[in-house]
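*Asks:* Quick check, what structure comes out for this input:
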Amino acid sequence: LREAGVRVRDILLWPTGASMLNGAVIGVFPATRFVLLTDGLLELLSLDQVRAVMAHEAGHLRHRHLPWTAAMLFALVALVGQLVEWIVNPVFRLALETGADPGRLQSAFELAAVVVVLGGVYIGFGVVSRRLELQADAAAARDLALGQHEGDRVTPEASALVASALESVARYNGMDPARHTWRHGSIRWRQSRLARLVGRPIDDLPIDRQVRLLKAGTILVILAISLAWFVGAPPA
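*Replies:* Below is the predicted model:
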């Protein structure tokens, strides 16, 4: 954690009776932030693999994924909701002109709007969450490569170590490494992305550029939606 430049209050053991392998971070501020490691993870993984898991969690912390996740979720809800409103309102007015019952029509349109907003946010947040997970993987490979003093590029050993830790966590937890999950993708997909990092400059990783664009887009969306709400607000 010191090598990654992040601060936590403590590292705690998460007792599960060795039934689960996992690492997690709770708390936003350093004084109230804890890293949790399950007993199964410490008992069944090698020391190098535990280090890779810790480097992954440190990557989440260094890139401030927790507050950015909240901001991105807010931006997605606001953006999709605003887009649906811009589309639904004109269509609703046109439908009223056909003589349809206003009460039933409004109920139907409200239900459709909720379904579309929830579906859009679900899809969008899954994409965002998976990119943050890839960045944490890449941060782990970067930090492990730096720890090996192998220069300024991601090494095959560092990439393979993070990939092996992912494999072991999945296997011991009874997960199919090829199975896709909404927030994390599949282990195989993440391992393939790790393999692509080998030889790349540690300060110029593709996933870091992608996440920077996501963060910039999040800020722009929040500013634009805030301005639209402010301009459209009725006078006091």
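
*Asks:* can you pull the contacts of the residue nearest to the spatial centre of the chain?
*Replies:* Nearest to the geometric centre of the chain sits Ser129, at 2.6 Å (CA atoms, centre = their mean). Listed by CB atoms under 8 Å, 6 or more residues apart in numbering, the contact set of Ser129 reads 69, 182-184. For every residue, glycine as well, the C-beta is placed using N, CA and C.

*Asks:* one more time with 6 Å, if that's ok
*Replies:* Arg183 (CB atoms under 6 Å, 6 or more residues apart in numbering).

*Asks:* That one sits in which helix or strand?
*Replies:* helix 102-147 (DSSP states H and E).

*Asks:* so what secondary structure elements neighbour the next helix or strand after that helix?
*Replies:* The C-terminal neighbour of helix 102-147 among helices and strands, as given by DSSP H and E, is helix 156-172. The contact analysis (3 or more CB pairs under 6 Å, 6 or more residues apart in numbering; DSSP states H and E) places helix 156-172 against helix 47-62, helix 102-147, helix 187-195.

*Asks:* Ranking those by mean neighbour count, which comes first?
*Replies:* Across those, averaging neighbours per residue (mean count of other CB atoms under 10 Å) puts helix 47-62 on top, at a mean of 21.

*Asks:* any residues touching that one, and which ones?
*Replies:* Against helix 47-62 from outside (CB under 6 Å, 6+ apart): 1, 4, 6, 23, 25, 35, 136, 139-140, 143-144, 161-162, 165, 168.

*Asks:* Between all of those, which two are separated the most?
*Replies:* By the measure CB to CB, those have their two most distant members at Val6 and Ser168, which lie 23.6 Å apart.

*Asks:* what residue of the protein is the furthest out?
*Replies:* Outermost in the chain, CA atoms, centre = their mean: Gly99 at 46.4 Å.

*Asks:* Which strand or helix spans it?
*Replies:* Using DSSP H and E, Gly99 falls outside every helix and strand.

*Asks:* give me the element Met37 is part of.
*Replies:* No Met there; residue 37 is Leu. Using DSSP H and E, Leu37 falls in strand 34-38.

*Asks:* Please export the C-alpha coordinates of the helix or strand that that strand is followed by as PDB.
*Replies:* Later in the chain than strand 34-38, the nearest helix or strand by DSSP H and E is helix 39-44. In PDB, the C-alpha atoms belonging to helix 39-44 read as follows (Å, rounded to 0.1, in the frame of the first residue of the first chain):
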ATOM      1  CA  ASP A  39      -9.100 -16.000   5.800                       C
ATOM      2  CA  GLY A  40      -9.500 -18.300   2.800                       C
ATOM      3  CA  LEU A  41      -7.500 -15.900   0.600                       C
ATOM      4  CA  LEU A  42      -4.600 -15.800   3.000                       C
ATOM      5  CA  GLU A  43      -4.600 -19.600   3.500                       C
ATOM      6  CA  LEU A  44      -5.000 -20.800  -0.100                       C
END
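
*Asks:* What residues of helix 39-44 count as buried?
*Replies:* Using 16 or more other CB atoms under 10 Å as the test for burial, helix 39-44 gives 39-42, 44.

*Asks:* As JSON lines, those residues with pLDDT would be great.
*Replies:* Shown next, in JSON lines, are those (pLDDT from 0 to 100):
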{"residue": "Asp39", "pLDDT": "94"}
{"residue": "Gly40", "pLDDT": "93"}
{"residue": "Leu41", "pLDDT": "93"}
{"residue": "Leu42", "pLDDT": "94"}
{"residue": "Leu44", "pLDDT": "94"}
